[in-house]
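**Q** below are the sequence and a predicted model; questions follow.
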Amino acid sequence: MTSGRFNPVVLSFSFYKELAVGLLNECHSSDRRKSIQLLVREIRTLGKTTALKMAVLADNKNFVAHPACQNLLTESWTGKLSDDNQYFKLVIAISCPFVAPSLLKFRDDSTLRSVSTTSDSSQRTEDSSQLCKPCATYFRKLCHFFQAPEIKFSYNFLSHLAFLLLYGIILLTDFYPTIGIKEMILIAWVATLIIEEIRQIIIIDEYCIRQKLYNYITDIWNIMDVITIVTFLSGMILRFIPVSICGQCFYAARIILALNFMMFSFRIIHVFSIHRELGPKLVMIGKMVIDLFYFMIILLVFITAYGITSHVILYPNQPLNIALARDVLSRSWWNIFGELGIDEVSGEACDNRTVLPYAEQCASMDANEFSSNGCGDYKADKCPAIDWLVPIILAIYVLITNVLMFNLLIAMFSKTLSDIQGQTNVVWKMQRYHLVREYESRPTLPPPLIILAHGYCLIRYSIRLARRICCQNNSVSSNDAVTSSGSSVKSSSSKNMDEELLNWETRNAEEYLRKRKPDDQEPDSKDTSDLILGKLEEMSIILSHQGRKVKTLKEEITRAMKEEIARALKEEIRRYQYVTDPGVFV
């Protein structure tokens, strides 16, 4: 079997990725604005997708990390807001949004003025237009301010901090069997979060619900959201069970909701992924967590081995329960972090007034004698059976874990950081794309006010659905003909723009290929063609086999239809003879 490194298909795939990045670089150096238009141009022959979307689906991180794509993401992130706005002005505008139109700069100031002037001059007198023009411009800028993904992100972050503050106050000071007003607000808040997660699944650009769910759960943050919400619902279900029915359910609900608060707090890490400095650090942490997982598998072998061995020697024949497993593993685990427990292991913590038999005597007793002679009280009195062997095993265990294993972990982290040092920025830019896309599609209002946006979207969708049902059987009117003619003009202009972009792209592609070295051709083209021919032969064999199955099935269906038709004809003939001459059947 050909490995992935030398697989011709993989090499060819990497080759075309490199070509895509090279062509984009050539286009960007020629005309930056046209290169951005080329990224967002809908390709009708490929289901109206875009070049940027195809690069994301192909996991072409270098393509997404290109300055052209990042400039496009920056424009999408700020929306209609200008990139020249200073941070302190943005903070003031977020704190008091009604001053944002006059405080911040917008990209389309001239456009807003011209649109407002045209509209007012065509519908009102000159005096009234001069009076209403500033108002229209103000509210239009205010809408642009709230619709910018950057502002949505900021308000959602502040909303999440307020949610955590309310959640923490309830758990710390106001969590009783009787539900209060603050807890009802918390439940309603989480309900809006659940509705928002459902909306995110619905708006995924897929037709099949199974594919929507698959695309949703491929994001680690969505999985974390689902686990967090399910944990919250589990805690609330236990919280509403009366104490008279289940006395421990309320205590269990307190523990589950406390853990749930920690899960909601971890969601703040997602906020850091947009930051230029913190985003790559999160990528490093994610890679190191994978190394830590494999390290813990190895470390668990030493923890279990030493824990059981030391407990068997110190406290033999303990009763089998949960406390035994906890004691076996907890001592060996905390020994790694410096809690050696020398007094307990060496017997110095033992009560001198307690007279216990030697280990050799306990080992030779049966179960009844073991309990009656006090051998089972070793653990209760912290009196070990042998005070010299376990310290030696402990010294070897600490030497292996603290010196060898932890230095191995540090070396693994160092290697991981050195390997991904050049790729963290690229991976972060890919994650930035997904974050920008998420907040572009989010409603303007943050939770819990987001329920108003959900209601508005539901009403608007219902109106559109009603219009579609009412108008689907109507014939095209004269107004529709006028509209269609206008849209055809608009479509032809967009087609002309597409043709211009395609011609410009073709010229840059030819220039890029001309600059490439003559020997820089597609790798392993012969092996790739042989592999493709082999796959085509396999597909032809499968198709011929399926064709024989279809032919056999067709023959069986034809034979069954002939028999059914013959039987029906016989029945009709008998019925006709009975009607015309009933005496035949007497």
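**A** Ah, there it is. Quick caveat: nothing in here was measured; it's all calculated off a predicted structure.
**Q** next one: stretch 296-305 to chain centre, how far?
**A** 32 Å (C-alpha atoms, centre = their mean, to the nearest Å).
**Q** what is the neighbour count of Tyr397?
**A** 22 (other C-beta atoms under 10 Å). The C-beta positions use only the backbone N, C-alpha and C, and glycine is treated the same way.
**Q** for it, what are its contacts?
**A** 302, 306, 332, 335 (C-beta atoms under 8 Å, 6 or more residues apart in numbering).
**Q** and those residues, which two are furthest apart?
**A** The most widely separated members of the contacts of Tyr397, counting by C-beta to C-beta, are Phe302 and Asn335 (10.3 Å).
**Q** and Ile565, how far is that from Glu572?
**A** Between Ile565 and Glu572 the computed distance is 11 Å (C-beta to C-beta, to the nearest Å).
**Q** wait, Ser244
**A** 75 Å.
**Q** quick one, which of the two is more surrounded?
**A** When neighbours are counted by other C-beta under 10 Å, Ser244 and Glu572 differ, and Glu572 comes out ahead with 10 against 6.
**Q** list phi and psi for the most centrally placed residue in the chain.
**A** Compute the mean C-alpha point of the chain, and by C-alpha atoms, centre = their mean the closest residue is Asp219, 1.8 Å away. Phi and psi for Asp219, reported as degrees, to the nearest 10, are phi -90, psi 120.
**Q** in the protein, what helix or strand scores lowest on average pLDDT?
**A** Scoring the helices and strands of the chain by mean pLDDT, DSSP states H and E places helix 109-123 at the bottom, with a mean of 37.
**Q** surely the residue nearest to the centre of the chain and Gln431 touch.
**A** No - applying C-beta atoms under 8 Å, one finds Asp219 not in contact with Gln431, separated by 10.0 Å.
**Q** need phi/psi at Leu81.
**A** phi -80, psi 150.
**Q** identify the residue spatially nearest to it, adjacent ones excluded.
**A** Leaving aside its chain neighbours, Leu81 sits nearest to Ala148 (5.1 Å; criterion: C-beta to C-beta, 6 or more residues apart in numbering).
**Q** what's the closest of the contacts of Tyr397 to Met263?
**A** Nearest member of the contacts of Tyr397 to Met263, counting by C-beta to C-beta, is Ser332, at 28.6 Å.
**Q** would you agree the closest one falls within a strand?
**A** No - counting by DSSP: H, G, I helix; E, B strand; the rest coil, Ser332 falls outside a strand, being helix.
**Q** list the contacts of the nearest residue to it once chain neighbours are set aside.
**A** Once flanking residues are discounted, Ser332 sits nearest to Gly307: 3.6 Å by C-beta to C-beta, 6+ apart. By C-beta under 8 Å, 6+ apart, the contact list for Gly307 reads 328-329, 331-333.
**Q** what residue ranges in the protein score low on pLDDT?
**A** Within the chain, the segments meeting pLDDT under 70 span 1-12, 108-132, 345-387, 472-494, 517-549, 576-586.
**Q** at 50 instead, please
**A** Residue ranges of the chain with pLDDT under 50: 1-6, 9, 109-129, 131, 352-360, 377-381, 475-493, 519, 522-523, 585-586.
**Q** returning to what we had before: so if I had to pick from Phe302 and Asn335, which one is more boxed in?
**A** The residue with more neighbours, out of Phe302 and Asn335, is Asn335; 21 against 16, by other C-beta under 10 Å.
**Q** is that one in a helix, a strand, or coil?
**A** At Asn335 the chain is in helix, as set by three-state DSSP.
**Q** use 51 as the first number from now on
**A** Sure, I'll start counting at 51 from here, so that last one is Asn385.
**Q** from Leu459, how far out is it?
**A** 17 Å.
**Q** check Ile442 too.
**A** Ile442 is 25 Å from Leu459, by C-beta to C-beta.
**Q** so for those two, which residue has more residues nearby?
**A** The residue with more neighbours, out of Ile442 and Leu459, is Leu459; 18 against 9, by other C-beta under 10 Å.
**Q** mind listing what that one touches?
**A** Contacts of Leu459 (C-beta under 8 Å, 6+ apart): 341-342, 345.
**Q** related to what we said a few turns ago, so the residue nearest to Ser382 is in which element?
**A** helix 328-364 (DSSP states H and E).
**Q** and the helices in the stretch 351-500 of the chain?
**A** Assigned by DSSP state H, counting those that start in this stretch, the stretch 351-500 of the chain shows helices spanning 372-386, 392-396, 409-413, 417-422, 439-448, 456-470, 474-491, 500-521.
**Q** so for the last one, what gets flagged as buried?
**A** Applying a neighbour-count criterion of 16 or more other C-beta atoms under 10 Å, one finds 500-501, 503-504 buried in helix 500-521.
**Q** my guess is Ala503 meets Leu495, correct?
**A** Yes - Ala503 is in contact with Leu495 according to C-beta under 8 Å; the separation is 4.9 Å.
**Q** so the residue nearest to Ser382 versus Val476, what's the distance?
**A** Going from Gly357 to Val476 by C-beta to C-beta gives 43 Å.
**Q** got it, and Asn110?
**A** Distance, Asn110 to Val476, by C-beta to C-beta: 10 Å.
**Q** looking at these two, which has the bigger crowd around it?
**A** In this view Asn110 and Val476 are compared by other C-beta under 10 Å, and Asn110 has more residues nearby, 23 against 17.
**Q** phi, psi for Phe156 please.
**A** phi -120, psi 150.
**Q** related to what we said a few turns ago, okay, now the residue nearest to Leu131: neighbour count?
**A** So Ala198, with other C-beta under 10 Å, has 24 neighbours.
**Q** pretty sure it is touching Ser132, no?
**A** No - the pair Ala198 / Ser132 is not scored as a contact, 10.6 Å apart, by C-beta under 8 Å.
**Q** count the residues that sit near Glu555.
**A** Residues within reach of Glu555, counting by other C-beta under 10 Å, total 20.
**Q** looking at it, it is touching Leu89, isn't it?
**A** No - counting by C-beta under 8 Å, Glu555 stays clear of Leu89, with 11.0 Å between them.
**Q** mind listing what's buried along whichever strand or helix holds Phe314?
**A** Using DSSP H and E, Phe314 sits in helix 299-316. Across helix 299-316, burial judged by 16+ other C-beta under 10 Å covers 299-300, 303, 306-307, 310-311, 314.
**Q** which two in the residues you listed are spaced the farthest apart?
**A** Among the buried residues of helix 299-316, Cys299 and Phe314 lie farthest apart (C-beta to C-beta), at 21.7 Å.
**Q** give me the element the spatially closest residue to Met286 that is not a sequence neighbour is part of.
**A** With sequence-adjacent residues excluded and distances taken as C-beta to C-beta, 6+ apart, Met286 is closest to Ile237, at 6.7 Å. Secondary structure from DSSP H and E places Ile237 in helix 231-252.
**Q** which parts of that helix are buried?
**A** Buried, per 16+ other C-beta under 10 Å, within helix 231-252: 233, 236, 239-240, 242-243, 245-246, 249-250.
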